[in-house]
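Novice: Output the structure for:
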Amino acid sequence: MKFTSKSKYNSRDFAAAAERYRQEHVTDVSVVRDGLLFLFVVKSDAAREWISKNVREPRYWGDALVVEFRYGWEIAEVMRAEGLVLR
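Specialist: A predicted model of the protein is given here:
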């Protein structure tokens, strides 16, 4: 028996759908502002890798990267610009 697909969708459609799902449902980093600090709670390997490559001396509190307020917005903007999903 030979399987033939008569689907009108191709692999690019599925790749695009997977990326849309990821953007809507997967969070790489949860951002919490706590007074004079930002906590970037790492939720994916991609985020962990990004931090290891881009943050010189990361300081963690549990799973959260702790960042001074003056650097938090810029880090969040760069993370988002480079494809990480923040919530």
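
Novice: and Ser30, what are its phi and psi?
Specialist: In terms of degrees, to the nearest 10, the main-chain angles of Ser30 are phi -100, psi 130.

Novice: which one is it nearest to, not counting chain neighbours?
Specialist: Once flanking residues are discounted, Ser30 sits nearest to Val41: 4.2 Å by CB to CB, 6 or more residues apart in numbering. Bear in mind the C-beta positions are built from the backbone N, C-alpha and C, glycine included.

Novice: centre of the chain versus the helix or strand hosting the one you found, how much separation?
Specialist: Assigned by DSSP states H and E, Val41 belongs to strand 37-42. Relative to the chain's own centre, strand 37-42 is displaced by 13 Å; criterion: CA atoms, centre = their mean, to the nearest Å.

Novice: quick one: buried residues of it?
Specialist: Neighbour counts over strand 37-42 (16 or more other CB atoms under 10 Å) mark Phe38, Leu39, Phe40, Val41, Val42 as buried.

Novice: Tell me where this structure has helices.
Specialist: Counting by DSSP state H, the chain has helices at residues 11-25, 45-54, 69-81.

Novice: For those, could you give me TSV that also reports mean neighbour count and mean pLDDT?
Specialist: Below are the helices of the chain laid out as TSV (neighbours: other CB atoms under 10 Å; pLDDT from 0 to 100):
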stretch	mean neighbour count	mean pLDDT
helix 11-25	10	74
helix 45-54	14	96
helix 69-81	14	96
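
Novice: Dump those into TSV; add distance to Arg33 as well.
Specialist: Output for those, formatted as TSV (distance: least, CB to CB, whole Å):
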stretch	distance to Arg33
helix 11-25	23
helix 45-54	17
helix 69-81	7
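
Novice: quick one: which of the buried residues of strand 37-42 is nearest Thr27?
Specialist: Val41 (9.0 Å; CB to CB).

Novice: returning to that earlier point: return the angle between stretch directions for the strand holding Val41 and helix 69-81.
Specialist: Strand 37-42 runs at 30 degrees relative to helix 69-81, counting by axes from the mean of the first three to the mean of the last three CA atoms, to 10 degrees.
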